[in-house]
Structure formats: C-alpha cells, structure tokens
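Novice: Here is the input, now give the coordinates:
(one chain, ligands or ions: 1)
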Amino acid sequence: MQNTGYDSLVILARAAVESAYCVYSRFAVGAAVLMDNGEVVRGSNQENAAYPSGSCAERVALFYACSAYPGVKVKAIAIAARDPAGEWVRGITPCGACRQVMAEIIRRYRADFDVVLAGGEGEVTVIPASELLPFPF
Ligand code: THU
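Specialist: Presented below is the predicted three-dimensional model:
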C-alpha cells in the first residue's frame, strides 16, 4: 500500500464495504470518515426498493459523522468499493450529490478535507474535497 498516511482509514473503508445493503445494484461501497477529534465513523451504501430512497456510503458516513459529532471538523473520508463480481473497484469517485454534501461540509466548518480513493491492489489517490465540485450550489 502507498504511504499516504491514511492506511488505517482505507482499511476501515474496505471493512465498511461488507456492511453494504446493495441487493439491487450489487455494487458495494464503504466509507470511513476521520474526524478532527480522532473518531472514525463508517458507513456503507444502503439501497431501497424505491430506488432514490437509498443513500451512497459517503452520505451515510458523513451525515452520521456530523450528527454524532456536531461542531467537529471532518479531516478525511476514505472510500472503497467492490463491483458485482466482488472485485475491488479502481478509481471509485463520489457521485455529484455526495460532492455537493462535501462542499457544504467544507463551507459549514470552513475547513477542506482529504478524499481518499482506495483502488484495488493498494492503489490510493488523495484529492482535496474542494477540488471535486466546481461551482457548488
Ligand atoms: N454508490 C455509493 O455508495 N458511492 C459512490 O461513490 C457511487 C455509488 C452506491 C449507490 C448505489 O447503492 C450503488 O453504489 C450503485 O450505484
């Protein structure tokens, strides 16, 4: 694994994949959010028969993090995913709705944070959340 400083967060994101409820897409995503107080909150995608009612792993984890630790900044979010064949996905990136949620967390806490994209074979890419969505609402 590359030395990004986020090795343990990536391991937790990969572990969170196992709790995905993705009976419709079979695309399992896990996220692990590192907070400024050192706490880590995990989430996974949770789908629903009324498809739009489901939520991405990133939003499950970020909304839970913000509700569990109000006022505490987000330091980083690691994301990992397995495709329907069970293979680790290379280059998973957050959807537009999750980017908008990230943009608001940056604005709310006046603090950028790292988005840690875990590919297969230990590949890890780190991107500032502020670079993911130009012209946020
Ligand atoms: N999904 C995530 O949880 N995060 C992403 O970054 C992309 C997509 C979920 C939504 C849905 O449950 C499944 O993956 C297929 O799109």
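Novice: contacts and neighbour counts: CA atoms only from here.
Specialist: Noted.
Novice: So which residues on this structure come close to the ligand?
Specialist: Cys22, Ser25, Phe27, Val29, Asn45, Glu47, Cys56, Ala57, Glu58, Thr93, Pro94, Cys95 (Cα under 6 Å from any ligand atom).
Novice: same thing but at 5 Å, please
Specialist: Selection of the chain residues close to the ligand by Cα under 5 Å from any ligand atom yields Val29, Asn45, Cys56, Ala57, Pro94.
Novice: Can you flag which of those residues belong to helices?
Specialist: Within the residues of the chain next to the ligand, residues falling in helices by DSSP state H are Ala57.
Novice: now, the most widely separated pair of the residues of the chain next to the ligand?
Specialist: Pairwise distances among the residues of the chain next to the ligand were taken by Cα to Cα; the largest, 11.8 Å, belongs to Asn45 and Pro94.
Novice: higher neighbour count, the two?
Specialist: With neighbours defined as other Cα atoms under 10 Å, Asn45 and Pro94 compare such that Asn45 has more, 24 against 18.
Novice: Report the closest residue of this protein relative to the ligand.
Specialist: Residue nearest to the ligand within the chain: Cys56 (3.1 Å; Cα to the nearest ligand atom).
Novice: helix, strand or coil for Ile106?
Specialist: The local conformation at Ile106, judged by DSSP: H, G, I helix; E, B strand; the rest coil, is helix.
Novice: Tell me who's in contact with Ile105.
Specialist: Applying Cα atoms under 8 Å, 6 or more residues apart in numbering to Ile105 gives the contacts Val74, Ala111.
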